[in-house]
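quick check, what structure comes out for this input:
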Amino acid sequence: MSSGTKRINDDDARIATQKEINAINERETAFKEGVGHALAWIYRQQCWSPEKIARRIKGLKPGTWRAYAQASYPNNRSLHVIAAFSWLSQVSMLALLKGTLIQTHWDTMDEHSLCALLHSSLLSKKQFYALMMFLANDLEELGVKLTALFWDRLAEVSNYPDDFMAPRELDLEEFRADYYESTGFVLRALREKSGYSIEQMAEVIGVSEERYLGYENPDRSTNIPVQAAYRLKLGFHLKDTTGFLVKMHRFPGFFKARKVQQLRDELIFELFSHVPPNHKGRFVVLARNIMEFRQNQAR
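Predicted structure coming up:
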């Protein structure tokens, strides 16, 4: 495996105490409601309608996407569905899992920087590069010189092929199979290397032992609820869950997307830290206009 491939660090994984598991249980309902809030917020910020999403992600009707974004949605939201939207929107799963606190995922950014980031995250490599160059040149005219680190990061992110973006049409069933196969492989590796029992794993994730074993050995009927990711992250004190994607072979772009997201976060933060306050709104409008043009192209 290449040095750039990220695994779950078994040394960092520490199973929750019973007191911590009880606290996770108590917060689970609020978490499920929060995911609906997070989805609705991203829908608004990136101009997603349920119909637009359904045209891009094949397998769910617009009504289901509309229901998923309601805090009062009574059923479990499927983890692979949220992951597919994460890929489409280029908003990390860690951000979506923050629920009502989603904006704190970018707590170092002001409102304008965050809006620019969410708009520009939907751009292709060439479109994003063109936007960054336009803004950088505009700043130079204002007497602002960007750092060498900014240019190095821009060069790095420009080297990624566009397969980090979700395909024009994503087959949800194929994505489900690839996503759960990778998740199951890493779950099993985490359990075996850490020495945890099946009973312990099942308790942390909040399911029966039989159902947990189904997560490790998924089939076409496997459907993991999104709260399992929340419980897994807190229950094993994991800083990041990107390592669960390392065995995705049919859709490797989803794994690459996380690195691109990080680089774009850093670029937007660096650039907007130099933008005069009276110019930030204009820069955000430009990013939004290009995003909407990109979305219309994808119809």
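
look up how far W106 lies from the nearest residue to A30 once chain neighbours are set aside.
Distance criterion C-beta to C-beta, 6 or more residues apart in numbering; nearest residue to A30, sequence neighbours excluded, is G99 at 7.5 Å. Quick note: C-beta positions are derived from backbone N, CA and C, even for glycine. The spacing between G99 and W106, counted by C-beta to C-beta, to the nearest Å, is 15 Å.

now do G206
G206 is 29 Å from W106, by C-beta to C-beta.

L135 is in contact with V284, isn't it?
No - the pair L135 / V284 is not scored as a contact, 10.6 Å apart, by C-beta atoms under 8 Å.

which parts of this protein are strands?
57-58, 170-171 (DSSP state E).

as a markdown table, these with mean pLDDT, distance to S78 and mean neighbour count would be great.
Listed next are the strands of the chain as a markdown table, based on pLDDT from 0 to 100; distance: least, C-beta to C-beta, whole Å; neighbours: other C-beta atoms under 10 Å:
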| stretch | mean pLDDT | distance to S78 | mean neighbour count |
| --- | --- | --- | --- |
| strand 57-58 | 98 | 12 | 18 |
| strand 170-171 | 98 | 14 | 16 |
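
would a markdown table of the ones you listed with distance to K126 be doable?
Below are those laid out as a markdown table (distance: least, C-beta to C-beta, whole Å):
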| stretch | distance to K126 |
| --- | --- |
| strand 57-58 | 24 |
| strand 170-171 | 21 |
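
what segments of the stretch 101-250 of the chain are helices?
111-120, 125-141, 148-158, 172-194, 198-205, 209-216, 227-235 (DSSP state H, counting those that start in this stretch).

what's the local residue count around the nearest residue to R191 once chain neighbours are set aside?
Residue nearest to R191 in three dimensions, not counting chain neighbours: M201, with 5.3 Å by C-beta to C-beta, 6+ apart. Using other C-beta atoms under 10 Å, M201 has 24 other residues around it.

list the buried residues for stretch 160-179?
For stretch 160-179, a neighbour-count test (16 or more other C-beta atoms under 10 Å) marks 160, 164-166, 170, 172, 175-179 as buried.

confidence score at the spatially closest residue to S120 that is not a sequence neighbour?
Excluding the flanking residues, the one nearest S120 by C-beta to C-beta, 6+ apart is A287, at 4.8 Å. At A287, the predicted lDDT confidence score is 89.

check contacts around A287.
A287 is in contact with 115-116, 119-120, 131, counting by C-beta atoms under 8 Å, 6 or more residues apart in numbering.

now these in JSON lines, with distance to I15?
Shown next, in JSON lines, are the contacts of A287 (distance: C-beta to C-beta, whole Å):
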{"residue": "C115", "distance to I15": "39"}
{"residue": "A116", "distance to I15": "40"}
{"residue": "H119", "distance to I15": "40"}
{"residue": "S120", "distance to I15": "39"}
{"residue": "L131", "distance to I15": "44"}
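
and those residues as CSV, adding distance to V226 and pLDDT?
As requested, those are exported to CSV (distance: C-beta to C-beta, whole Å; pLDDT from 0 to 100):
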residue, distance to V226, pLDDT
C115, 26, 94
A116, 28, 93
H119, 25, 93
S120, 26, 93
L131, 32, 92
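
may I ask which of these has the most neighbours?
Neighbour counts for the contacts of A287 (other C-beta under 10 Å) peak at A116, which has 27 neighbours.

how far away is that one from L122?
Counting by C-beta to C-beta - A116 and L122 are separated by 12 Å.

cool, G59 as well?
Taken as C-beta to C-beta, the span from G59 to L122 is 21 Å.

ok, now R231?
30 Å.

just L187 next, same as before
31 Å.

ok, A84 next?
15 Å.

what does M93 give?
From M93 to L122 the distance is 17 Å (C-beta to C-beta).

with L88 instead?
For L88, the distance to L122 equals 9 Å [C-beta to C-beta].

before we move on, back to that, so between G59 and L122, which is more surrounded?
L122 (24 against 16).

so the more buried one makes contact with R294?
Yes - assessed by C-beta under 8 Å, L122 is found in contact with R294 at 5.6 Å.

residues in contact with W87?
Neighbours of W87 in contact, by C-beta under 8 Å, 6+ apart: 166, 170, 251, 253-254, 257.

show me the contacts for the closest residue to L39 other than its chain neighbours.
Residue nearest to L39 in three dimensions, not counting chain neighbours: A69, with 4.2 Å by C-beta to C-beta, 6+ apart. By C-beta under 8 Å, 6+ apart, A69 lies in contact with 36, 39-40, 43, 50.

this completes my enquiry, with thanks.
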